[in-house]
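**Q** need coordinates for the following:
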Amino acid sequence: MNLTLNNKKTISTETGLHISEIDLTNYIPNIPFELSQFVVDVGGYSPDEFHDEREIWIITNGSGQLTYKGVMYELKAGQAVKFDSNEVHTIKNTGNKILSVISIWWKDE
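**A** Numbers count the residues shown, from 1 in each chain. As a prediction, the model looks like this:
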């Protein structure tokens, strides 16, 4: 089966973050999670964020420095990280190429 992703509008910030939500509802009705891809320009970063949802990031390209629960971690392509709800997290692209991340989030019920 070929899957054509229905990307919603890309949102860009002045910090070098570009987010594209991905809509899978045409393929999976009542899907229990949401999905996006984001890229961070070289030297760019994601602003601090926290939310009610739990989240997983899968690093698909590049490398960067994650700050989560006040601790810094080095991440690179092929790694994944999980976030608890309402915990502040941010990532900075410390590499020399675009940092690409797939984000999956959901609410615990």
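**Q** partner residues bridging the spatially most central residue of the chain?
**A** Ranked by distance to the mean C-alpha position of the chain (Cα atoms, centre = their mean), the top residue is Ser103 at 3.6 Å. Beta-bridge pairing of Ser103, defined through DSSP bridges, involves Ser36, Trp57.
**Q** use 212 as the first number for this chain going forward.
**A** Okay, residue one is now 212; in that scheme the one you just asked about reads as Ser314.
**Q** my read: it touches Val250, true?
**A** No - applying Cβ atoms under 8 Å as the test, Ser314 and Val250 come out as separate, 11.3 Å apart. Heads up, the C-betas are built off the backbone N, CA and C, glycines and all.
**Q** quick revisit: now do the same contact list for the residue nearest to the centre of the chain.
**A** For Ser314, the contacting residues are Leu246, Ser247, Gln248, Phe249, Glu266, Ile267, Trp268, Ile269, taking Cβ atoms under 8 Å, 6 or more residues apart in numbering as the criterion.
**Q** can you give me the strands for the protein?
**A** With DSSP state E as the criterion, the chain has strands at 217-223, 228-234, 245-251, 265-272, 274-279, 282-287, 291-294, 300-304, 310-317.
**Q** tell me which of the contacts of Ser314 is nearest to Pro240?
**A** Using Cβ to Cβ, Leu246 is the member of these that lies nearest Pro240, at 14.9 Å.
**Q** what's the local residue count around the closest one?
**A** With neighbours defined by other Cβ atoms under 10 Å, the count for Leu246 comes to 16.
**Q** swap in the one 3 residues further on?
**A** For Phe249, the number of neighbouring residues by other Cβ under 10 Å comes to 21.
**Q** ditto for Glu245
**A** The criterion is other Cβ under 10 Å. On that basis, Glu245 has 17 neighbouring residues.
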